[in-house]
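Peer 1: Sharing a model prediction with you, sequence too.
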Amino acid sequence: MRQYIRYYPRLRDMREDHDLTQTQIAEVLGTVQTQYSKYEQGIQEIPFHHVITLAKLYNISLDYLAGLIDEPKPLFPK
């Protein structure tokens, strides 16, 4: 089983929590919707630099986004 299997559902959950479409996120990442969809489905591993971009966008810690912890923490605490 792939190591990144735990985090790809978080990609969808965070996007939906922020009321964004796959197309909008793909634009932020500089890719296309079909490619981003593969990341959310776990078909293809998302590049780490994209994960960093999403952590900044959602203000969520990398360890949460990666599925290493279950309690979300802000990347930039107030």
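Peer 2: Sure thing, it's come through.
Peer 1: Would you mind listing where the chain has pLDDT under the threshold?
Peer 2: Within the chain, the stretches with pLDDT under 70 are 1-5.
Peer 1: Tell me how far the residue lying closest to Ala66 once chain neighbours are set aside lies from Lys78.
Peer 2: Take Ala66 and drop its neighbours on the chain: the residue closest to it by C-beta to C-beta, 6 or more residues apart in numbering is Tyr7, 4.9 Å away. Where you see a C-beta, it was placed from the backbone N, CA and C, and this is true even at glycine. Counting by C-beta to C-beta, to the nearest Å, the separation of Tyr7 from Lys78 is 25 Å.
Peer 1: circling back: how far away is the residue nearest to Ala66 from Tyr39?
Peer 2: Applying C-beta to C-beta to Tyr7 and Tyr39 gives a distance of 10 Å.
Peer 1: ok, these two, which is more surrounded?
Peer 2: The neighbour comparison of Tyr7 against Tyr39 (other C-beta atoms under 10 Å) goes to Tyr39, with 25 against 19.
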